[in-house]
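Enquirer: Pasting the sequence and the predicted coordinates here, then a few questions.
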Amino acid sequence: MMRHHLPEDEWRKSSYSPDNGGNCLETQPAPGEGVAVGDSKDRARGAFVFPADTWASFVKGVKSGDL
């Protein structure tokens, strides 16, 4: 699901994103136990919202090198 107009002060930058002004992945809690995932460079496009358990599985797969 795509969401727009999420609170600006709730975004958290990925710990894997450098502080060099590059493209960053940001997340924030979304209503209904979801996680909103957006691009820091283009917040106007909105954010994709995933169920929290699905997002956690994705992050786990990335950290383990399975993805």
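Expert: That came in fine, so what should we check first?
Enquirer: Distance from the least confident helix or strand in the chain by mean pLDDT to the middle of the chain?
Expert: Least confident helix or strand, the chain: strand 2-3 with a mean of 84, by mean pLDDT, DSSP states H and E. Centre-to-centre, strand 2-3 and its host chain are 12 Å apart (Cα atoms, centre = their mean, to the nearest Å).
Enquirer: where along this protein do the strands fall?
Expert: Using DSSP state E, the strands of the chain run over 2-3, 12-13, 25-30, 34-39, 47-51.
Enquirer: what lines up beside the least confident helix or strand of the chain in the sheet?
Expert: Next to strand 2-3 in the sheet, as set by DSSP bridges, lie strand 47-51 (antiparallel).
Enquirer: Give me the neighbour count for residue 35.
Expert: 20 (other Cβ atoms under 10 Å). All C-beta atoms are positioned from the backbone trio N, CA, C, and that covers glycine.
Enquirer: That one is in contact with residue 47, isn't it?
Expert: No: the pair residue 35 / residue 47 is not scored as a contact, 9.2 Å apart, by Cβ atoms under 8 Å.
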